[in-house]
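Asks: structure here, sequence nowhere to be found:
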């Protein structure tokens, strides 16, 4: 420990030894943050990250030395980590929004309702949770100081955060996922920043069993967000969704409250640019629940001649109207943190190509000769290939033992993507002309439809449902409500969030994007997908593109504007039942609208905007009149 002088006029404070970086060069507000947190977490050392490649390599080699990661020799700078089997996904049940007033965080829901739009924790309970966990939690460990920008440097939409963590895995992954480095401190100066604190919760020495050299404390895991003070506190988990605090914690839960206060949108959306055969390009934002094909769509390879798609971002969009009333979007992230299983040369060849270097794999299998492997890559390997699963079991392609965890991930730099858009880091953002909502709906819901209006589009988003995925602790296939694809990521009262969307549409100076809903996953009686999906989804984007140009190619239906029978280009497709794909079964929708009404009244209660209630009532009336 050493003594430091924080600022003129303050007393000397004790600080752990700084083994990398220069503490005295930091902005005074960052110094104060480090001193305050290190005093009670008590790390042995402090490492101030500079974000360089050399630093990343050194940290990865340190992790390799203790067995947390291993290098896969078949690639250039690709590493494999295997977590404790109890630490493999986001823990929604242990994720909280912490406010003084409960109503600031969650809705006025109906008594007896299993509320699913966020968890609230009082400030006193949050303080107690921290006091039970954080004192001395970093003993024997190094505390890494991670300065980072969410969004391109210099963008008026970008925000800066500083994360403290005792996980070198988090430090190297944050370098991939954010714009991280010592230059951030120069940009920050003495301005405000989002404060992020993370600990794996295993001080050293420890008597607890550490599985796979992956320290974690599942029984005490908690992730707390303080939207008013812009702080995030995470304890006990090393999994990316719980520990890479720039991702869902900052970029959605905290950012959406900042966006509410400043008049913009922070959404769980991809951004892509699509160009038609005439060379005209449009940018589209699309919201899908995790593991529903969002990354696949963002990097889609068109199967339709003349059309091309380039990726701006695959997961999160920050969007703000400019002085001309145009909604402009940026990708706040710098990397992809995608679900590995199912990613292959058919579903997403561009994602696979992006993973060939400078990538961190988590909980996937590996072959004997040092390749990564997961379910979906069977066609790329001989049937007798020796595979070691994420749990260390011996298996082979197509064998009875799963090689990868269903929520295993690849963490790779976006700049490596073969179809990354040249403007993906444009500080001004790209102009958004359409917003798409969608989910996994095996029955009833048509391939695509357009909302009648902005308010109706907000209702469509609020009524979204999808089959649950492996990205959280839910298991099995069950159609669940996921309003706006934001159910697990709400940072404040969902009713107020809907009010915010409605208010954006009320500004006469805003050039509002059209809103659509898609469903790639409608199945026949045998459970087989009717629509071919993947690169053929460009055919649906083609129609969206033409609708943005004002093409008259719609049929009015009770739920929105459907494409005319021949409006979707199906040339070259065979055995695709478009009649079924665009059908609207009355019995299904009668049950559906009643269930949506029950859900919103129970979950949102008196906080439901009158505009949404009106759209819901009018849609029910139209369905009954079918």
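Replies: Arrived safely, thanks for sending. Given the structure is predicted, the values throughout are model-derived calculations rather than measurements.

Asks: for the record, mean pLDDT for the lengthiest helix in the chain?
Replies: For the chain, the longest helix by residue count, based on DSSP state H, is helix 586-603. Averaging pLDDT along helix 586-603 gives 97.

Asks: hang on, residue 612 packs against residue 460?
Replies: No - assessed by CB atoms under 8 Å, residue 612 is found out of contact with residue 460, at 10.3 Å. The C-beta positions use only the backbone N, C-alpha and C, and glycine is treated the same way.

Asks: sorry, back to before: list the buried residues in the longest helix of the chain.
Replies: Within helix 586-603, the residues that count as buried by 16 or more other CB atoms under 10 Å are 589, 592, 593, 596, 597, 599, 600, 601, 602, 603.

Asks: for the third one, which non-adjacent residue is spatially closest?
Replies: Excluding the flanking residues, the one nearest residue 593 by CB to CB, 6 or more residues apart in numbering is residue 620, at 4.7 Å.

Asks: where does the stretch 251-400 of the chain have low pLDDT?
Replies: Applying pLDDT under 70 to the stretch 251-400 of the chain picks out residues 291.

Asks: could I get the full set of helices for it?
Replies: Ranges of helices in the stretch 251-400 of the chain, per DSSP state H, counting those that start in this stretch, are 255-262, 294-298, 349-354.

Asks: for the residue nearest to residue 593, what are its contacts?
Replies: 593, 594, 597 (CB atoms under 8 Å, 6 or more residues apart in numbering).

Asks: doesn't residue 19 belong to a strand?
Replies: Yes - assessed with DSSP: H, G, I helix; E, B strand; the rest coil, residue 19 lies in a strand.

Asks: hang on, the earlier thing: so which of the helices of the stretch 251-400 of the chain comes closest to residue 428?
Replies: The closest of the helices of the stretch 251-400 of the chain to residue 428 is helix 255-262. By CB to CB, the value is 16.8 Å.

Asks: how about residue 625: what's its closest non-neighbour residue?
Replies: Residue 625 sits nearest to residue 558 (CB to CB, 6+ apart), 7.3 Å away.

Asks: repeat for residue 133
Replies: residue 235 (4.8 Å).

Asks: next up, the contacts around that neighbour.
Replies: Applying CB under 8 Å, 6+ apart to residue 235 gives the contacts 130, 133, 134, 137, 198, 199, 201, 217, 220, 221, 222, 223.

Asks: and residue 272, by the same measure?
Replies: Taking CB under 8 Å, 6+ apart, we find residue 272 in contact with 283, 284, 286, 297, 298, 300, 309, 310, 311, 312, 421.

Asks: try it again at 10 Å.
Replies: Going by CB atoms under 10 Å, 6 or more residues apart in numbering, residue 272 touches 282-286, 297-300, 309-314, 419, 421, 430, 436, 541.

Asks: what does residue 190 give?
Replies: 27, 28, 29, 30.

Asks: then residue 586?
Replies: Residue 586 sits next to 558, 623, 624, 625, 626 when contact means CB under 10 Å, 6+ apart.

Asks: taking these one by one, which sit in helices?
Replies: Judged by DSSP H, helices contain the following of the contacts of residue 586: 623, 624.

Asks: could you dump the contacts of residue 586 into JSON lines and include distance to residue 332?
Replies: As requested, the contacts of residue 586 are exported to JSON lines (distance: CB to CB, whole Å):
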{"residue": "558", "distance to residue 332": "37"}
{"residue": "623", "distance to residue 332": "38"}
{"residue": "624", "distance to residue 332": "43"}
{"residue": "625", "distance to residue 332": "44"}
{"residue": "626", "distance to residue 332": "42"}
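
Asks: Produce a ChimeraX select command limited to the buried residues of the contacts of residue 586.
Replies: Typed into ChimeraX, the line below selects the buried ones among these, using 16+ other CB under 10 Å:
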select :558,623
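
Asks: how about a markdown table for the contacts of residue 586, with pLDDT and distance to residue 381 added?
Replies: Formatted as a markdown table, the contacts of residue 586 follow (pLDDT from 0 to 100; distance: CB to CB, whole Å):
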| residue | pLDDT | distance to residue 381 |
| --- | --- | --- |
| 558 | 98 | 49 |
| 623 | 98 | 49 |
| 624 | 97 | 54 |
| 625 | 97 | 55 |
| 626 | 95 | 50 |
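
Asks: which two from the contacts of residue 586 end up farthest apart in space?
Replies: 558 and 624 (8.6 Å).

Asks: overlap in contacts of these two?
Replies: Common neighbours of residue 558 and residue 624, counting by CB under 10 Å, 6+ apart, are 586, 589, 593.

Asks: just the closest of the residues you listed to residue 549, please.
Replies: In terms of CB to CB, no member of the shared contacts of residue 558 and residue 624 lies closer to residue 549 than residue 589, at 29.5 Å.

Asks: what's the spacing between that closest one and residue 287?
Replies: Separation of residue 589 from residue 287 (CB to CB, to the nearest Å): 22 Å.

Asks: and residue 325, how many neighbours does it have?
Replies: When counting by other CB atoms under 10 Å, one arrives at 12 neighbours for residue 325.

Asks: likewise residue 514?
Replies: For residue 514, the tally of surrounding residues (other CB under 10 Å) stands at 18.

Asks: and if you look at residue 579?
Replies: Neighbours of residue 579 using other CB under 10 Å come to 8.

Asks: list the residues that contact the nearest residue to it once chain neighbours are set aside.
Replies: Nearest residue to residue 579 in three dimensions, chain neighbours excluded: residue 565, at 8.0 Å (CB to CB, 6+ apart). By CB under 10 Å, 6+ apart, the contact set of residue 565 is 553, 555, 578, 579, 582.

Asks: same question, residue 179
Replies: Here residue 179 is in contact with 51, 147-153, 158, 160, 187, 246, 332-334, 425 (criterion: CB under 10 Å, 6+ apart).

Asks: out of those residues, which end up buried?
Replies: Buried members of the contacts of residue 179, counted by 16+ other CB under 10 Å: 51, 147-152, 158, 160, 246, 332-334, 425.

Asks: dihedrals phi and psi, the residue positioned nearest the centre of the chain?
Replies: Among the residues of the chain, the one closest to the centroid is residue 315, at 4.8 Å (CA atoms, centre = their mean). When quoted as degrees, to the nearest 10, the phi and psi of residue 315 stand at phi -140, psi -40.

Asks: next: residue 84.
Replies: Backbone torsions of residue 84, given as degrees, to the nearest 10, read phi -60, psi 130.

Asks: now do the contacts for it.
Replies: For residue 84, the contacting residues are 200, 209-218, 237-239, by CB under 10 Å, 6+ apart.

Asks: for residue 407, see how far away it is.
Replies: Distance, residue 84 to residue 407, using CB to CB: 14 Å.

Asks: pretty sure residue 108 contacts residue 117?
Replies: No - look at residue 108 against residue 117 with CB atoms under 10 Å: they stay out of range, at 11.5 Å.

Asks: overlap of the contact sets of those two?
Replies: Contact criterion CB under 10 Å, 6+ apart; residues bridging residue 108 and residue 117 by contacting each: 493, 495, 603, 604, 607.

Asks: please, where are all the strands along the stretch 51-200 of the chain?
Replies: Remark: strands assigned in the stretch 51-200 of the chain by DSSP state E, counting those that start in this stretch are 69-71, 76-81, 95-99, 120-122, 142-150, 159-165, 179-180, 194-199.

Asks: so residue 108 and residue 117 - more neighbours on which side?
Replies: Each of residue 108 and residue 117 has its neighbours counted (other CB under 10 Å); residue 117 has more, 22 against 14.
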